[in-house]
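> Quick one, what's the 3D model for this:
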Amino acid sequence: MVKFLLYALRWQLSTPILWPIMAYWPGRHAATSPLADIVPVAVANLIGASIFFWVDRFIFKSRAIESWEFLARGACHDCGKVDYVRRLVTAPGYDKRNDPHPQYRCAACSERKLTELGKKGVRSINKAK
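Take a look at the predicted model:
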C-alpha cells in the first residue's frame with residue numbers, strides 16, 4: 001500500500017504540468033474558471049495511477065518479461081574480447097538475478113548463448129541490441 005501511495009503521489013506531481021494545459025487549451029469552455037480544472041486533473045491523475053501502478057509493476061517486476069544488464073566495457077565470458085557486453089538476467093523460465101558470478105558476453109557470444117538457452121526451453125522475447 002505504501003508503494004501505491006508513493007506512486008499516486010508521483011502521478012500527482014504531473015498535475016502542475018497538466019493543469020495549465022487543460023485550463024488554457026483552445027476551445028475550452030470559457031464560462032468556467034481555469035482553477036476549476038485542477039480538481040478534474042487531480043482526479044484523472046488518481047485514476048491513471050490506479051490503473052498504471054499495476055501495469056508498470058507487471059512490466060518492471062514480471063518474470064514473463066526479460067531483463068538485461070549491460071556494461072559499456074567488459075570482458076566476454078566466452079571469448080575474452082573486451083567490448084560492450086551484456087547478460088540476460090530474467091526471461092520466462094530463466095532467472096539469474098541472484099547469480100554470484102554473472103557472465104557477460106559480447107554480441108556474437110550472447111547470440112550463441114541465447115540459441116543454446118532456447119534449446120533448453122528459455123524463451124527470449126527480444127534479442128538485446
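
> Count the neighbours of residue 10 for me.
Using other CB atoms under 10 Å, residue 10 has 12 other residues around it. Quick note: C-beta positions are derived from backbone N, CA and C, even for glycine.

> in which helix or strand would I find it?
helix 2-12 (DSSP states H and E).

> Identify each buried residue in that helix, please.
Within helix 2-12, the residues that count as buried by 16 or more other CB atoms under 10 Å are 7, 11.

> which outside residues touch that helix?
42, 45, 46, 48, 49, 50, 52, 53, 56 (CB atoms under 8 Å, 6 or more residues apart in numbering).

> redo that, cut-off 6 Å
45, 48, 49, 53 (CB atoms under 6 Å, 6 or more residues apart in numbering).

> Could you do stretch 103-115 as well?
So stretch 103-115 is contacted by 71, 74, 76, 77, 78, 79, 81, 83, 85, 86, 87, 124 (CB under 6 Å, 6+ apart).

> Now whichever helix in the chain runs longest: buried residues?
The longest helix of the chain (DSSP state H) is helix 38-61. Residues 38, 41, 42, 45, 49, 53 are the ones in helix 38-61 that count as buried (16+ other CB under 10 Å).
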